[in-house]
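Q: here is a sequence with its predicted model. Questions after.
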Amino acid sequence: MAPSYLPGEGCPRGVLRPEALGAWWPKVERLLPEFPRRHEVRLYPDGSRAVVAWDLEALKVWYKRVLRG
């Protein structure tokens, strides 16, 4: 299961649900230092994690890199 990209109200974010963490979080964590803009990782009570960015275009480009692996 791939991470979800959730544009919408507030800051754009890429979200990993708990069932996807094992497969996807290592890729996300490895590429976080290459994220070109201000961002933060948010942890949610259900175990989900989100990369929240203030630059939608930077998030889209970085997210494509995560999907390519």
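A: Arrived safely, thanks for sending.
Q: C-terminal to the lowest-mean-pLDDT helix or strand in the chain, what's the next element?
A: The weakest-scoring helix or strand in the chain, judged by mean pLDDT, DSSP states H and E, is strand 4-6 (a mean of 50). Using DSSP states H and E, the helix or strand that follows strand 4-6 in sequence is strand 13-16.
Q: hey, C-alpha coordinates of that following strand in CSV?
A: Output of strand 13-16 as CSV, limited to C-alpha atoms (Å, rounded to 0.1, in the frame of the first residue of the first chain):
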residue,chain,number,x,y,z
ARG,A,13,0.7,16.5,3.5
GLY,A,14,1.7,13.0,2.6
VAL,A,15,0.1,10.5,5.0
LEU,A,16,1.2,6.9,5.9
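Q: show me what it is packed against.
A: Using 3 or more C-beta pairs under 8 Å, 6 or more residues apart in numbering; DSSP states H and E, the elements in contact with strand 13-16 are strand 4-6, helix 21-31, strand 49-53, helix 56-68. Every residue, glycine included, has its C-beta placed from N, CA and C.
Q: and these, which one is worst for confidence?
A: For these, mean pLDDT drops lowest on strand 4-6, to a mean of 50.
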